[in-house]
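[1] The sequence and its predicted three-dimensional model are supplied below.
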Amino acid sequence: MGKYFKTADGFYKVMVPFFEKLINDTEVGDKLSAFKHTFQLLITQPDAKIVLDCRNSEKKVVCGETDLEGDIQLKMRSDSAHRLLLGKMILRDASMAREIIARGPLDELKELSSIFLAASKFYKHHLMQMGYKAHIKN
């Protein structure tokens, strides 16, 4: 159990609509389309799984158990995912510190890191809309 997300359902309640907004945004969604990968967030504390399929124009978000695998896998605690999306953690630094375990074509991490940084403004706004203002300050 993490500080911000106590259950997988609580994690999905915040993250799935966030990633759905993100992939449909013209700025970040276009970056994800150009990225041409599928990436998977493997979350612990609580256990959860989200896959973003950005290989074609029909981008999609899949949560929970699925056969869809990610070209790039990022394994982290839910609190680390929260901090990453807030822009308070840099993907490359967290990977080097082993807070995030990355697998796949690691040369793509730099581009993925810039996508996460661009997403941080959307994440903060999303948390505000959902009534999680206190989560932004931490």
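    Structure received.
[2] quick one: contacts for Y12?
    Shown in contact with Y12 (CB atoms under 8 Å, 6 or more residues apart in numbering): 48, 50, 63-64. In this view, the C-beta of every residue, glycine as well, is placed from N, C-alpha and C.
[3] the helices in the chain, which residues?
    Taking DSSP state H as the test, the helices found in the chain are 8-24, 26-35, 78-86, 91-96, 109-129, 133-137.
[4] May I see the buried residues of the fourth one?
    For helix 91-96, the buried set under the neighbour-count rule, 16 or more other CB atoms under 10 Å, comprises 91, 94-95.
[5] about what we covered before: what about burial for the contacts of Y12, which qualify?
    Using 16+ other CB under 10 Å as the burial test, the contacts of Y12 include 48, 50, 63 as buried.
[6] wouldn't A102 be in contact with I72 here?
    Yes - using CB atoms under 8 Å, A102 is in contact with I72, at 6.9 Å.
[7] Could you tell me which residues touch both of those two?
    Contact criterion CB under 8 Å, 6+ apart; residues bridging A102 and I72 by contacting each: L109.
[8] now the nearest residue to S114 once chain neighbours are set aside: how far from G87?
    In space, S114 comes closest to K31 once its chain neighbours are excluded; the distance is 7.5 Å by CB to CB, 6 or more residues apart in numbering. Distance, K31 to G87, by CB to CB, to the nearest Å: 15 Å.
[9] The two - which one has more neighbours?
    Between K31 and G87, counted using other CB atoms under 10 Å, the more crowded position is K31 (18 against 15).
[10] Out of the buried residues of helix 91-96, which is nearest to A119?
    Nearest to A119 among the buried residues of helix 91-96 is L91, at 11.2 Å by CB to CB.
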